[in-house]
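> Just need the structure, nothing else, for what follows:
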Amino acid sequence: MNYSTADSLPTVTPDDVRGAQKMLSGVARVTAMEGSRHLSQLVGAPVHLKCENLQRTGSFKLRGAYVRIAGLLPEERAAGVVAASAGNHAQGVALASALLGVRSTVFMPKGAPLPKISATREYGADVRLHGQVVDETLAAAQEYAAETGAVFIHPFDHPDIIAGQGTVGLEILEQCPDVRTIVVGTGGGGLVAGIATVVKALRPDVRVVGVQARGAAAYPPSLAAGRPVSVESAATMADGIRVGRPGDVPFRIVRELVDEVRTVSEDALSAAVLLCMERAKLVVEPAGASPVAALLSDPGAFEGPVVAVLSGGNVDPVLLQRILRHGMAAQGRYLAVRLRLTDRPGALATLLGVLSLVDANVLDVSHVRTDPRLGLTEAEVELHLETKGPEHCAEVGHALREAGYTVID
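A predicted model of the protein is given here:
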């Protein structure tokens, strides 16, 4: 790797990325590039999905982790490696270490999803649960490294990690040589920095766009300040890109080479996860679906052909269920209504009959009779309905009013 005389930060070159690609041959999959007719119609140009959610371990993280660990000196390998992660990086480090015969210890938050903990252990890592948030877990991993001599494997702030992630960019140029825009989910910045490094060197005409969750967007204020700054809160369903501060190494690359960093809402993220599942038949986590969320939010802003990088598919099934329901609500396909009716036999059946006539699917019913706010002969009902979209929601509301029901705000 090369070092800048200006600030002594390591840099990453296209040759580094090419070297990483050779190193990853037979280790990381060349993931599929799938066309999306629905997104293409929306954007008005061809849109392709780079399916890193189908990568080994379920995300692109294996690429950087393997390159980083493979580059260790023999004495460093003998000391083992340690990492901190809530999921994707943990699995990437665990598998890379197992493939290279290196002992790995991975610290994960106590609240990490059980499937991610189990997968990390199955890849061979010694998993230690510590802390409630990743910052606490990170501190524990760094303390362990200081005490034991194990090499700390950072998830994004190292040139080897960035070079490994940049191999995604080489594959994109090979699979879609006429690409005009590449859209990439962005947390600490390792993936978008690696892609931009090689793409801008080989195809400077290609626009590279980073995407962050609005509730955890550290790059916009950092770019405005000209240096990495921390955001006070980082609240988003997209835990894969929930990073409070950009990495020093990727930040400089992003500042120099990435054309734009956009933010997307939680509604857009959940709608993107739902779209990937329904239209592309792909299970994608919210962070991985963030490029699709950007396309949904502002389809006219992207010159085609567009490649959206689906960076990961590791999502807890319980969380996925909530996300899909949230996505349905964001698209007007999930409706919650609360109303009062006379507490008499058959009243609820009559109400459900009205909903049946307008083809609204009842998902859940909550029937309350004992609230002190209710009259002696009143009952309150809250219904969760699956609908066909905003027009159908309006039709349901009209049918309830026509039947004499008053919906409570």
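
> where are the low-confidence patches of this protein?
Applying pLDDT under 70 to the chain flags residues 1-8, 233-234, 369-377, 409.

> Provide the partner residues of residue 107 in its beta bridges.
In this entry, residue 107 is beta-bridged to residue 84, residue 128, by DSSP bridges.

> wait, it sits on residue 82?
Yes - here residue 107 lies in contact with residue 82, judged by CB atoms under 8 Å, at a distance of 7.2 Å. Placement of C-beta: from N, CA and C, glycine included.

> Overlap in contacts, the two.
Common contacts of residue 107 and residue 82, defined by CB atoms under 8 Å, 6 or more residues apart in numbering, comprise 141, 144.

> Show me which helix runs longest in the chain.
If you go by DSSP state H, the chain has its longest helix at helix 159-175.

> Identify each buried residue in that helix, please.
159-173 (16 or more other CB atoms under 10 Å).

> Show me where the stretch 1-150 of the chain has its strands.
2-3, 10-11, 33-35, 47-51, 81-84, 104-108, 126-129 (DSSP state E, counting those that start in this stretch).

> just the stretch 301-409 of the chain next, same as before
Counting by DSSP E, counting those that start in this stretch, the stretch 301-409 of the chain has strands at residues 306-310, 334-342, 361-368, 378-386.

> To residue 31, which of those lies closest?
Nearest of these to residue 31, taken as CB to CB: strand 306-310 at 8.7 Å.

> strand partners of the closest one, parallel vs antiparallel please.
Its sheet considered, strand 306-310 pairs with strand 47-51 (parallel), strand 181-185 (parallel) by DSSP bridges.

> How about residues contacting the next helix or strand after the last one?
Taking DSSP states H and E as the definition, the helix or strand that follows strand 181-185 towards the C-terminus is helix 190-202. Helix 190-202 is contacted by residues 12-14, 16-18, 60, 64, 155-157, 161-170, 172-173, 182, 184-186, 206, 208, 210, 247, 249-250, 253-254, 257-258, 309, 311 when judged by CB under 8 Å, 6+ apart.

> buried residues in helix 190-202?
Neighbour-count burial for helix 190-202, with 16+ other CB under 10 Å as criterion, is recorded at 190, 191, 192, 193, 194, 195, 196, 197, 198, 199, 200.

> Just give me how far that helix sits from the chain centre.
Centroid separation between helix 190-202 and its chain, computed with CA atoms, centre = their mean, to the nearest Å, is 19 Å.

> which of the strands of the stretch 1-150 of the chain is buried the deepest?
Among the strands of the stretch 1-150 of the chain, ranked by average contacts under mean count of other CB atoms under 10 Å, first place goes to strand 81-84 (a mean of 29).
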